[in-house]
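Peer 1: missing the sequence, but the structure's below:
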């Protein structure tokens, strides 16, 4: 990472406990963990990554004229200054924020983590705070949005310098609050190093991403790490319907400093903020929000129970910043559904059809269990093989779906290619027959990207059809809009 905010950052100021070899200090104008990106004035961060051990690449960085090396152990540097730190991943994140001018210091950072519900909670929270007249920026899995943008921009926030750059962009655009979605991978690399969060939201802690964290215990410990990023006067917002989150909240409560706070939300256990159902169906739900003795009605189109918990978490953030409950409800209703998160496809058909892009098996299970309770007829799940693979593999995916679904169809890769084999083309025939057999009491959940034609990866502009696009097209053909003349005759 290279920045124009400061000419140099002195490492001794950032890492006062570090050990310096062949120097008293190192001045850095940039930092990288890939030696190919290094240049004069940069420091090379030797750390363990998925690609290998950076300590073995030090000589390549030195050959590119770096100002110094940051490492966890002594390595040959041929006289190039060396800074030894306990955790080079933490050092890289901390240095990245410093090189960007520590922009988080001028923002109220609201960090949201959990196994599922992070993205939805982030965007609902942003809508609540915007409704209250605050200038809010969002950094999430769906994209990043500053105070002057109208469309989210994709960004790899798991790269420390990207996160730091975007926080700087939020601050320079006039944002006062930053809603940041924080994954377990971001916590593993200490992406928030040096940032004092004003509010931390924990949605739930289940089991996921064991390919990255190794064990369930390690994953859960990683999620709990976010509480350490809270300032002394910061607020923890916890979904206490989740037993592991209750434990995190109890620990924070016992260690509260003067000015700190814990706000609990829940549907099934006593909590500071709760809700009671009024009406719920596949076509939406109405609830009563309850907070601090106040009650406000809330109507949303997304029918699943997890969405209500996300609404409660966003409500808690609003309460934290003094937003009246009625205005919080307006903010949530104004947000509507979050793109790609149990989003309805409506083309005039009778059955309920939703598109979802779950990031874990836990998220999928939560959605399916809610839809199963709401669906009087058949519940059908459609997914591409690639999506099934990311959620545990085809066999485990179908086994898990079988708990709630009457029918599960996993379509093979290349099923829409012009050179598709017979068994791949048969997947469309199967989908056609299933959709044609469903009625108003049935429900379909389609896993994938939201419908829409997009240019191909080669930039040719050729449309790229996803499974949700195909389903939307089928529904549109099966339910053509009525002309004015036909509508008048029907009337």
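Peer 2: Thanks, I have the structure now. For clarity, every value in this text was computed on a predicted model and none was experimentally measured.

Peer 1: would you agree residue 326 falls within a helix?
Peer 2: Yes: with DSSP: H, G, I helix; E, B strand; the rest coil as the criterion, residue 326 is located in a helix.

Peer 1: separation between it and residue 280?
Peer 2: Residue 326 sits 21 Å away from residue 280 when distances are taken as CB to CB, to the nearest Å. For glycine as for every other residue, the C-beta is placed from the backbone atoms N, C-alpha and C.

Peer 1: kindly report the same for residue 111.
Peer 2: For residue 111, the distance to residue 280 (CB to CB) stands at 31 Å.

Peer 1: comparing those two, which shows the higher neighbour count?
Peer 2: Counted by other CB atoms under 10 Å, residue 111 and residue 280 do not tie: residue 111 has more neighbours, with 28 against 17.

Peer 1: domain assignment for the protein?
Peer 2: The chain breaks down into these domains under automatic domain parsing: 9-98, 102-335, 343-478.

Peer 1: turn those into CSV, columns for mean pLDDT.
Peer 2: Putting the domains of the chain into CSV (pLDDT from 0 to 100) gives the following:
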stretch, mean pLDDT
domain 9-98, 96
domain 102-335, 92
domain 343-478, 85
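
Peer 1: elements contacting the helix or strand hosting residue 250?
Peer 2: Secondary structure assigned from DSSP states H and E places residue 250 in helix 243-254. Judged by 3 or more CB pairs under 8 Å, 6 or more residues apart in numbering; DSSP states H and E, the packing partners of helix 243-254 are strand 197-202, strand 230-239, strand 261-265.

Peer 1: list the buried residues of it.
Peer 2: Neighbour counts over helix 243-254 (16 or more other CB atoms under 10 Å) mark 245-246, 248-249, 252 as buried.

Peer 1: tell me the angle it makes with strand 261-265.
Peer 2: Orientation of helix 243-254 against strand 261-265 (axes from the mean of the first three to the mean of the last three CA atoms, to 10 degrees) gives an angle of 150 degrees.

Peer 1: what residues are up against residue 27?
Peer 2: Residues in contact with residue 27 (CB atoms under 8 Å, 6 or more residues apart in numbering) are 8-11, 41, 67.

Peer 1: which SS class is residue 427?
Peer 2: Applying three-state DSSP: residue 427 is helix.

Peer 1: ok, the one 3 residues further on next?
Peer 2: Following three-state DSSP, we place residue 430 in the helix state.

Peer 1: now the residue lying closest to it once chain neighbours are set aside: which helix or strand?
Peer 2: In space, residue 430 comes closest to residue 409 once its chain neighbours are excluded; the distance is 5.8 Å by CB to CB, 6 or more residues apart in numbering. According to DSSP H and E, residue 409 maps onto strand 407-411.

Peer 1: one more: residue 274?
Peer 2: Secondary structure from DSSP H and E places residue 274 in strand 273-281.

Peer 1: that strand relative to strand 230-239, how many degrees between them?
Peer 2: Going by the same axes, to 10 degrees, strand 273-281 makes 40 degrees with strand 230-239.

Peer 1: which residues of the stretch 101-250 of the chain fall in strands?
Peer 2: Assigned by DSSP state E, counting those that start in this stretch, the stretch 101-250 of the chain shows strands spanning 108-113, 136-140, 143-145, 177-181, 197-202, 230-239.

Peer 1: picking up where we left off before, the strand holding residue 274 - contacts with which helices or strands?
Peer 2: Applying 3+ CB pairs under 8 Å, 6+ apart, we find strand 273-281 packed against strand 261-265, strand 284-291, helix 305-320.

Peer 1: count residues in the vicinity of residue 132, would you?
Peer 2: For residue 132, the neighbour count with other CB under 10 Å is 18.

Peer 1: now it. Nearest residue, chain neighbours left out?
Peer 2: residue 323 (4.3 Å).

Peer 1: before we move on, back to that, outside of the helix holding residue 250 itself, list whatever touches it.
Peer 2: Residues outside helix 243-254 that contact it (CB under 8 Å, 6+ apart): 114, 202-206, 220, 224, 227, 230, 236, 238-240, 260, 262, 264, 269.

Peer 1: show me what contacts residue 237?
Peer 2: Residue 237 sits in contact with 199-202, 262-265, 313, 316-317, 320, where contact means CB under 8 Å, 6+ apart.

Peer 1: wait, I meant residue 333
Peer 2: 298-300.

Peer 1: buried ones among the residues you listed?
Peer 2: Among the contacts of residue 333, the ones that count as buried by 16+ other CB under 10 Å are 298, 300.

Peer 1: now, which of the contacts of residue 333 lie within strands?
Peer 2: Mapping these onto strands (DSSP state E) picks out 298-300.

Peer 1: just give me the closest of those residues to residue 151.
Peer 2: Among the ones in strands among the contacts of residue 333, residue 300 lies closest to residue 151 (CB to CB), at 23.1 Å.

Peer 1: I'd say the closest one and residue 312 touch.
Peer 2: No: using CB atoms under 8 Å, residue 300 is not in contact with residue 312, being 11.8 Å away.

Peer 1: mind listing the helices for the stretch 301-450 of the chain?
Peer 2: For the stretch 301-450 of the chain, the helices defined by DSSP state H, counting those that start in this stretch cover 305-320, 325-335, 361-374, 385-390, 394-401, 422-437.

Peer 1: run the chain-centre distance for the first one.
Peer 2: How far helix 305-320 lies from its chain's middle: 16 Å, per CA atoms, centre = their mean, to the nearest Å.

Peer 1: hmm, back to that, which of the helices and strands packed on helix 243-254 is buried the deepest?
Peer 2: Among the helices and strands packed on helix 243-254, the stretch with the highest mean neighbour count (mean count of other CB atoms under 10 Å) is strand 197-202, at a mean of 26.

Peer 1: between helix 243-254 and it, find me the angle.
Peer 2: 150 degrees.

Peer 1: what pairs with strand 197-202, parallel or antiparallel?
Peer 2: Next to strand 197-202 in the sheet, as set by DSSP bridges, lie strand 108-113 (parallel), strand 230-239 (parallel).

Peer 1: now the ones you listed as JSON lines including distance to residue 421?
Peer 2: As requested, the strands paired with strand 197-202 are exported to JSON lines (distance: least, CB to CB, whole Å):
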{"stretch": "strand 108-113", "distance to residue 421": "43"}
{"stretch": "strand 230-239", "distance to residue 421": "46"}
